[in-house]
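Student: coordinates only, no sequence provided:
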């Protein structure tokens, strides 16, 4: 009977720890967003910066250099914000039809309304991968997001 009680206590402690860990990281993994810009259908980040328009007003311009968007090499990300002030800016990369894991980068303020940072995209098993870069703006009003889509190509697909 004592062994059974001990195992129940250990199990409950482990489950409680797992529950607490999930509760703690949930806002980081799935932040509550108060406004989302519509996806820009004609955005081509290989040609230059794209601009998203937030529903409450304001613009988010997003740019990736080099424009070829190579895999496994450093990319420079730049975000410019108009008509809003952000306390922090992050870019969350996600595969549109394949889970590529957690891939979020915090950018640094480099001037009024301008944020910059670096990211590296992983290689996918597919020759062509469609990504969504969601720019996350932490503002005094709450978290706002602007999604931008682009494709990457494996080095073998380019040959």
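Tutor: Alright, I've got the coordinates. Note that this is a predicted model, so its numbers are computed, not measured. Numbering: from 1, shown residues only.
Student: how about the strands in the protein?
Tutor: Listed in chain order, the strands of the chain (DSSP state E) span 33-36, 50-53, 59-65, 75-82, 86-95, 104-111, 114-119, 128-139, 143-153.
Student: got those strands as CSV, with distance to residue 6 columns?
Tutor: (Each C-beta comes from the backbone N, C-alpha and C, glycine too.) What follows is the strands of the chain, written out as CSV (distance: least, C-beta to C-beta, whole Å):
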stretch, distance to residue 6
strand 33-36, 44
strand 50-53, 56
strand 59-65, 55
strand 75-82, 52
strand 86-95, 43
strand 104-111, 41
strand 114-119, 47
strand 128-139, 45
strand 143-153, 44
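Student: out of these, nearest to residue 1?
Tutor: Closest to residue 1 of the strands of the chain is strand 104-111 (C-beta to C-beta; 48.6 Å).
Student: quick one: strands adjacent to the closest one?
Tutor: strand 86-95 (antiparallel), strand 114-119 (antiparallel) (DSSP bridges).
Student: quick one on the thing from earlier: nearest to residue 17, out of the strands of the chain?
Tutor: strand 104-111 (24.5 Å).
Student: now that closest one: average pLDDT?
Tutor: If you average the pLDDT over strand 104-111, you get 96.
Student: what angle sits between it and strand 75-82?
Tutor: With axes from the mean of the first three to the mean of the last three C-alpha atoms, to 10 degrees defining the directions, strand 104-111 sits at 60 degrees from strand 75-82.
Student: touching strand 104-111 from outside, list them.
Tutor: 77, 79, 88-93, 115-119, 136 (C-beta atoms under 8 Å, 6 or more residues apart in numbering).
Student: let's go with 7 Å and repeat that
Tutor: 77, 79, 88, 89, 90, 91, 92, 115, 116, 117, 119 (C-beta atoms under 7 Å, 6 or more residues apart in numbering).
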